[in-house]
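A.B. asks: Pasting the sequence and the predicted coordinates here, then a few questions.
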There are 2 protein chains.
Amino acid sequence: MTDRRQLLLDAAIRVLGTRGLRQLTHRAVDAEAGLPEGSASNQFRTRDALVAGVFGRLVEVETAAWDQLAGELPPGDPDAFVTVLGGLIRHLTTEGRVVVQARHALFVEAAVHPELRQEIGAGRDRLARWGVPVVAALGSADPGAHFRMLLALVDGLLGNQLAYPEEDFAPEAAISALLRGLLPADRPGR
Amino acid sequence: MTDRRQLLLDAAIRVLGTRGLRQLTHRAVDAEAGLPEGSASNQFRTRDALVAGVFGRLVEVETAAWDQLAGELPPGDPDAFVTVLGGLIRHLTTEGRVVVQARHALFVEAAVHPELRQEIGAGRDRLARWGVPVVAALGSADPGAHFRMLLALVDGLLGNQLAYPEEDFAPEAAISALLRGLLPADRPGR
DNA sequence: TCAGTGGCACTACATCCGTAGTAACATGCC
DNA sequence: GGCATGTTACTACGGATGTAGTGCCACTGA
């Protein structure tokens, strides 16, 4: 049942993340999954259905990553927050880059195809339910807005590093600086 | 001569920014430019040539925008910097969104096709030549790194707002916060 | 045992795309 | 005027792509 769908969707994420949006075709997914031609076309009758499926699967995969992250995070400790989030970003720009690139490709597509935005909104809400309390515990006066700012910074760091990798990539510095600007200064950073 | 090329490239940017990477075809560009079929295919013999041309034109267009920005910017004034940059971001997420979406689409493609990265590096260097002195004038201790952080934040804000527009979009708050965290605190902002 | 059901492999087809080739055309030079 | 050169318009074609259709097979429940 969903076993095959998941196999195909994970293959589709790999295609999307390594070869780009234009190469995401039914046949390419079949090949990547090692399944006979027609399998993807059969499970996802149209290309839009395939894209929607990929998006849903992507949300699942990334949600799992955040949940794991939450476990490692002592609440209310900005330094630990910076370290752990920085580590996540480092991971997402190296071993985990395929998933991030797939997501960014879909984001770009969402800017053009508004029907995808609903799902992005849902995924973002789920992420906010996890992240806003974390930011609040750090002492933020407006955790909702501050969480969105952090999210934007993280996405920007990911996007720039993936499009144009730099050797001395130091995401922690940027996160730490933004946090320092957001939080009350009763706890001097560094 | 380059008159026709520029016409075609500007049409290609519109196609890329409004219909996405997958729809960027020779024929679509012909139609968007109002030129007979075959024009784009003739000027840009391969699709890669078309993409490269679009990228070059994009750098031209955005460079012009920064230069104009530079004129409005009194040096060494963080508040003015936040206001002007915030205004630019607001513009780039509304009237100017087509160009930004086109650029982000190419960034995603660059993550997959490394040959584009060279050109991204060149465009980024040009931007840095403009921006690093500006950041230095604000009092930054490490203008090169700080400029890159600001760039990442701006790109993240743009990307998020374009993929999932929010009513109460306030880019100034994020920029101001990051700046506050980066600059020495001898001039308490807000 | 056997009809029914649903997923799966495989195929067919119309369409679209990238690319290259050719002919008409303008423009500048002798 | 006549020729050369480079640009533009148009067409052709091989190949890939999206989509739907068809038959096979395993499994279910009586």
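C.D. replies: That came through, no problem.
A.B. asks: For chain B, what's the nearest residue on chain A?
C.D. replies: At 2.8 Å from chain B, residue A:156 is the closest residue in chain A, using Cβ to the nearest Cβ. C-beta coordinates here come from the backbone N, C-alpha and C atoms, glycine included.
A.B. asks: Tell me the spacing between that residue and residue A:7.
C.D. replies: Going from residue A:156 to residue A:7 by Cβ to Cβ, to the nearest Å gives 33 Å.
A.B. asks: what about those two, which has more around it?
C.D. replies: A direct count of neighbours by other Cβ atoms under 10 Å in any protein chain shown for residue A:156 and residue A:7 places residue A:156 higher, at 24 against 18.
A.B. asks: Residue B:148 is in contact with the more buried one, correct?
C.D. replies: No. Counting by Cβ atoms under 8 Å, residue A:156 does not reach residue B:148; the two are 10.0 Å apart.
A.B. asks: Residue A:74 - nearest residue in space that isn't next to it in sequence?
C.D. replies: Among residues not flanking residue A:74 along the chain, residue A:80 sits closest, at 5.2 Å (Cβ to Cβ, 6 or more residues apart in numbering or on different chains).
A.B. asks: where's that neighbour, which helix or strand?
C.D. replies: helix A:78-92 (DSSP states H and E).
A.B. asks: Can you pull out the residues in contact with that helix?
C.D. replies: Residues outside helix A:78-92 that contact it (Cβ atoms under 8 Å, 6 or more residues apart in numbering or on different chains) are A:65, A:69, A:72-74, A:99-100, A:134, A:138-139, A:150, A:154, A:157-158, A:161, A:169, A:171-172, A:175-176, A:179, A:183, A:187, A:189.
A.B. asks: Okay, helices next: where are they in chain A?
C.D. replies: Counting by DSSP state H, chain A has helices at residues A:2-19, A:26-33, A:39-43, A:47-72, A:78-92, A:97-112, A:117-137, A:143-163, A:171-182.
A.B. asks: Which one of these lies nearest to residue B:116?
C.D. replies: In terms of Cβ to Cβ, the element of the helices of chain A nearest to residue B:116 is helix A:143-163, at 8.3 Å.
A.B. asks: Run through the neighbouring helices and strands of that closest one.
C.D. replies: Applying 3 or more Cβ pairs under 8 Å, 6 or more residues apart in numbering or on different chains; DSSP states H and E, we find helix A:143-163 packed against helix A:78-92, helix A:97-112, helix A:117-137, helix A:171-182, helix B:97-112, helix B:143-163, helix B:171-182.
A.B. asks: quick one: average pLDDT of the second one?
C.D. replies: Helix A:97-112 shows a mean pLDDT of 90 in the predicted model.
A.B. asks: and it, what other elements does it pack with?
C.D. replies: In this structure, helix A:97-112 packs against helix A:2-19, helix A:47-72, helix A:117-137, helix A:143-163, helix B:97-112, helix B:143-163, with contacts taken as 3+ Cβ pairs under 8 Å, 6+ apart.
A.B. asks: Residues of chain A that sit close to DNA strand C?
C.D. replies: Applying Cβ under 7 Å from any atom of the strand, we find that chain A lies next to DNA strand C at A:1, A:3-4, A:35-39, A:41-43.
A.B. asks: Out of those residues, show me where the pLDDT dips lowest.
C.D. replies: Ranked by pLDDT, the residues of chain A next to DNA strand C bottom out at residue A:1 (46).
A.B. asks: lowest average confidence, helix or strand, in chain A?
C.D. replies: helix A:47-72 (a mean of 88; mean pLDDT, DSSP states H and E).
A.B. asks: That one vs chain B: in contact?
C.D. replies: No. Using Cβ under 8 Å from any Cβ of the partner chain, helix A:47-72 never reaches chain B; the gap is at least 9.2 Å.
A.B. asks: List the buried residues for that helix?
C.D. replies: By 16 or more other Cβ atoms under 10 Å in any protein chain shown, the buried positions in helix A:47-72 come out as A:50-55, A:57-59, A:61-62, A:69.
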